[in-house]
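# Here is a sequence with its predicted model. Questions after.
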Amino acid sequence: MDEYPLIENHGLLGDLQTAALVTADGTVDWFCVPRFDSPSVFGALLDKEKGGHCTVRPIHATYATRQLYLPDTAVLVTRFMTEAGAGEVIDFMPVTGRTVTSRHRLVRMVRCVRGSMTFDVEIAPRFDYGRKAHRMHITEHGAVFAAEDGTELTVHSIREPEDERMLDVLIDRQDDLHFSLTLQAGQQRGLMLESDADGPPHEFRLADYQRLFEDTVAFWRSWMGQSRYSGRWREAVERSAITLKLMTYAPSGALVAAPTAALPEQLGGERNWDYRFTWIRDASFSVYALLGLGFTEEAKAFIVWLGNRVKERAGRDGDSGPLNIMYKVDGSSDLEEQILDHWEGYAGSAPVRIGNGAATQLQLDIYGEALDSIHFADRHGIQLGHHGWTSLLTNLDWLADHWDQAGDGLWESRGGRKNYTYGRVMSWVAFDRALRLAESNGRPAAAARWHRARDDIYEQVMTEGWSEERRAFVQHYGGEVLDSSLLRMATVGFITPEDPLWISTLDAMEQELVSDSLVYRYDPAASPDGLRGTEGTFSLCTFMYVDALARAGRTNRARLVFEKMLGYANHLGLYAEEIDLTGRQLGNFPQAFTHLALIDAAITLNASLDRR
């Protein structure tokens, strides 16, 4: 733990209510319970000394390590190789289901597959982001870590009754647990970490573990078996699908943007945000990806969640409009931003932020994304009921009154409101999709008003959003800055993919925003966003670029960019938010938006190649 692991040197575990990250050398350095956005129990990812961790690794001074998922599952295998032997740690979280629970289990099974190997195990929780001290009580079958507020983490042993002598236990001054475990080829033993256990530590026999393991594998393979994808990039697409499932809160159907907080977009910089919430935009995009692969139930669950947000805020005319840009996974909207001053941040990247102060920003594009996903779901048989539709009418009435104003923009700028072109384009989408929904389903609608708003927005974007000097659509009216969010203009049908205006925009972006196939959001120096520092290329934008190229008929170029981008994935096929100049991943990890865009790009590009 002398240095921080690379952000990309992690695998993701989850049980559909929370998640954990495991480093490539066997350390759980991020784990929040009972929910994605709950305080951490293990947080060494953001402070290696004060954050807490659970480590299982060989005692040997040198070893090689490899990490993989069992095919079509979220079961993670971390392998260790030495001259004396080879071993592995099998990590998984048994699935919880749709009922909200505070009981979550993380299983860590240790095996020796060749020769012999002694493992060093250290369990050092730090409750409430390291703000609450704990005491440990050790028993015959495990241990209990109890925080001063009553929160507990229980450690159960996985072994046979005669195995007690294999353990050499040490309790340190911080009430952390250390022990060594020596195994010979063919032997396996392990532990289970459990939050809010219903009893004291107990002994799991190997047969009990095997049943739990097989049930977890069966769940993931059964779920993955629903996929209808048969295109050229099945492995990358299906790993992305599993990753998105791991970031979905099953009780509500809401998708978090990422399971982590405060991972930096620039090492040592201040762009460190909490992504453990549900953005209307990101989650709306999930509907296309999920339905595109055949996962109807997940798409339906999110549409229900979205419908509830529309209904509960219908008629509320606050500064940010009837919809917030993000919510907690349960639909609540108290996301007050705080700074954890006692943590140093990943590799010294402070401040460490939890909560998100951008939650009440005015971002007009979210109405278009919401309506587009509702329309897409409707075409796949997932329809809004009467109350959902009437609430949607109220939201559209608000948008008809407010679309022509400055907002904070897709990228959550803290540099002041502007008339963002993307916000206008997506407002056009909102009215366009509402008109289509009303017509196809025979629903009551303010059709004349919606038509007028749609047409007015179109004319405005074509005049105010276009720069003759740049020969491109620009980030905001009156400016000359390019913005890769506008790569979606052709995707949503605002402009045809072969339109000369659009081809010219793509060419301009290629010259200014694309660096060896990787795509920047925009140039912060040309369009100050109220924050210091720079950032890497945005992986989401690179996949959006692939989609745009494929739609414009530049299929060969699209395929090359896509294949290059697949090469930037980590060893497990996972992506953070950004990539820096050295190829290192930055930002929260893994990021749902990136994996959603990967799936969309793969589907579009595959169809384009098939048509040739």
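Great, that's in hand.

# now the helices for the stretch 1-150 of the chain?
Under the criterion DSSP state H, counting those that start in this stretch, the stretch 1-150 of the chain carries helices at the ranges 127-130.

# Any idea how many residues pack against the residue nearest to Leu560 when sequence neighbours are not counted?
Nearest non-adjacent residue to Leu560, counting by Cβ to Cβ, 6 or more residues apart in numbering: Ser517, 7.1 Å away. Where C-beta positions appear, they are placed from N, C-alpha and C, glycine not excepted. The tally of other residues near Ser517 (other Cβ atoms under 10 Å) stands at 18.

# Hmm, Ser517 is touching Lys564, no?
Yes. Ser517 is in contact with Lys564 according to Cβ atoms under 8 Å; the separation is 4.5 Å.

# just checking, next helix/strand downstream of the helix-or-strand element of the chain with minimal mean pLDDT?
In the chain, no helix or strand scores lower on mean pLDDT, DSSP states H and E than strand 167-171, which sits at a mean of 60. Counting by DSSP states H and E, the next helix or strand C-terminal to strand 167-171 is strand 177-184.

# mind checking which helix or strand Phe543 is in?
Element membership of Phe543, judged by DSSP H and E, is helix 539-551.

# which residues touch the helix or strand hosting Leu212?
Counting by DSSP H and E, the element that carries Leu212 is helix 206-224. Helix 206-224 has contacts (Cβ atoms under 8 Å, 6 or more residues apart in numbering) with 70, 72-75, 90, 92-95, 107, 109, 158-160, 188, 190, 238, 241-242, 245.

# try stretch 605-612
With contacts defined as Cβ under 8 Å, 6+ apart, stretch 605-612 is touched by Gly231, Arg232, Trp233, Val546, Asp547, Ala550, Arg551, Gly553, Thr555, Ala558, Arg559, Phe562.

# Quick check: most distant residue from the centroid of this protein.
When each C-alpha in the chain is compared with the mean C-alpha position (Cα atoms, centre = their mean), Glu162 comes out farthest, at 43.1 Å.

# did I read that right, it in a helix?
Yes. Per DSSP: H, G, I helix; E, B strand; the rest coil, Glu162 lies within a helix segment.

# State the distance from it to His156.
18 Å (Cβ to Cβ, to the nearest Å).

# Tell me the confidence at the residue nearest to Leu560?
Ser517 is assigned a predicted lDDT (pLDDT) of 93.

# next one: the one 5 residues further on
The model reports Tyr522 with a pLDDT of 90.

# isn't there a strand covering it?
No. Applying three-state DSSP, one finds Tyr522 to be coil, outside a strand.

# Next, the contact list for the residue lying closest to it once chain neighbours are set aside, please.
Distances taken as Cβ to Cβ, 6+ apart put Asp483 closest to Tyr522, at 4.6 Å, once the chain neighbours are dropped. Asp483 sits next to Tyr420, Thr421, Tyr422, Val474, Gln475, His476, Arg521, Tyr522, Ser527 when contact means Cβ under 8 Å, 6+ apart.

# Bridge partners for the residue nearest to the fourth one when sequence neighbours are not counted, pull those for me.
Distances taken as Cβ to Cβ, 6+ apart put Ser467 closest to Val474, at 4.7 Å, once the chain neighbours are dropped. As for beta bridges, Ser467 partners with Ala472 under DSSP bridges.

# pretty sure Ser467 is touching Gln475, no?
No. Assessed by Cβ under 8 Å, Ser467 is found out of contact with Gln475, at 9.8 Å.

# Count the neighbours of the closest residue to Met136 other than its chain neighbours for me.
In space, Met136 comes closest to Asp175 once its chain neighbours are excluded; the distance is 4.1 Å by Cβ to Cβ, 6+ apart. Residues lying near Asp175 (other Cβ under 10 Å) number 17.

# What pLDDT does the model give Asp175?
Note on Asp175: pLDDT of 89.

# Against Gly388, how distant is Pro444?
Using Cβ to Cβ, Pro444 is found at 13 Å from Gly388.

# Looking at these two, which has the bigger crowd around it?
Remark: of Pro444 and Gly388, Gly388 carries more neighbours, 18 against 9, as counted by other Cβ under 10 Å.

# Helix, strand, or coil at the more buried one?
helix.

# when you give positions from now on, start the count at 31
From this message on, residue numbering opens at 31, which makes the last subject Gly418.

# wait, it sits on Lys341?
Yes. Counting by Cβ under 8 Å, Gly418 does reach Lys341; the two are 6.6 Å apart.

# before we move on, back to that, so between Ser497 and Gln505, which is more surrounded?
Using other Cβ under 10 Å, the more surrounded residue of Ser497 and Gln505 is Gln505, with 28 against 20.

# check contacts around the more buried one.
Lys448, Tyr450, Thr451, Tyr452, Val511, Leu512, Asp513, Ser515, Leu516, Tyr552, Ser557.

# The residue nearest to it when sequence neighbours are not counted and Val455, how far apart?
Nearest non-adjacent residue to Gln505, counting by Cβ to Cβ, 6+ apart: Asp513, 3.7 Å away. Distance, Asp513 to Val455, using Cβ to Cβ: 11 Å.
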